[in-house]
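Asker: Sequence and predicted structure are below.
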Amino acid sequence: MTLFWILACVTIPAALTVILHRNPVYSALALVFTLFQVAIMFVALDAHLIAFLQIIIYAGAIVVLILFAIMLLSLEPEEPGDGRSSLRAAGWGAAALLGLELVAIAAVFPDTPAAEKPLPEGYGSVAKIAERLFTTHLLPFELTSVLLLVAVVGAVVMARRRTGP
């Protein structure tokens, strides 16, 4: 449980950097760090395959796709004072509300260490994950792949319109 809190204290500032930094490239790099921290949490839960997939798929492929879109669109950081102070205040309010919610949940539910509970048979195995992915979660899996394809095509079309005749 102590390892979880240490990782959480490192992961939360990295995740906040993803959404608060003005430079999209730095945000993407902070996303890589955040995803590595989540993979370490999976290792602590003895889900080594999920941790490996977290690094390969999310920290590898998805972040490379995000960086590709950022570079293709030539995104520049926003200028300060662009009239988004109300959105920033709403974001801070939502973050404070989420923090209060997390504190309330932690106060209501007692600590139950995961090490005391026996793991189900085949926990974290490739067969169990593949079975769930291609049966129960097939539609979200396919929709995610279509969404990523649309995002890449959209980025290429938008970049082409900027530089085209």
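Answerer: Sure, I can see it.
Asker: Apart from its neighbours in sequence, what residue is nearest the most centrally placed residue in the chain?
Answerer: Nearest residue to the geometric centre of the chain (Cα atoms, centre = their mean): residue 35, 6.2 Å. Closest residue in space to residue 35, ignoring its immediate chain neighbours: residue 59 at 4.2 Å, by Cβ to Cβ, 6 or more residues apart in numbering. For the C-beta atoms, the positions are set from N, CA and C on the backbone; glycine is no exception.
Asker: Which residues are in contact with the one you found?
Answerer: Going by Cβ atoms under 8 Å, 6 or more residues apart in numbering, residue 59 touches 32, 35, 36, 39.
Asker: if we go to 10 Å?
Answerer: Applying Cβ atoms under 10 Å, 6 or more residues apart in numbering to residue 59 gives the contacts 31, 32, 33, 34, 35, 36, 38, 39.
Asker: And the helices in the chain?
Answerer: 2-20, 24-44, 48-53, 63-73, 85-108, 126-133, 138-163 (DSSP state H).
Asker: List the neighbours of the fifth one that are in contact with it.
Answerer: Here helix 85-108 makes contact (Cβ under 10 Å, 6+ apart) with 12, 16, 19, 20, 84.
Asker: Now that we have the residues you listed, which of them are buried?
Answerer: Burial by neighbour count, judged by 16 or more other Cβ atoms under 10 Å, picks out nothing from the contacts of helix 85-108.
Asker: Reformat the contacts of residue 59 as TSV; add distance to residue 150 and pLDDT.
Answerer: Output for the contacts of residue 59, formatted as TSV (distance: Cβ to Cβ, whole Å; pLDDT from 0 to 100):
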residue	distance to residue 150	pLDDT
31	20	90
32	23	89
33	27	90
34	24	91
35	22	90
36	27	91
38	25	91
39	27	90
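Asker: Show me what counts as buried in stretch 7-24.
Answerer: Counting neighbours by 16+ other Cβ under 10 Å, one finds that the buried residues in stretch 7-24 are 11, 14, 15, 17, 18, 24.
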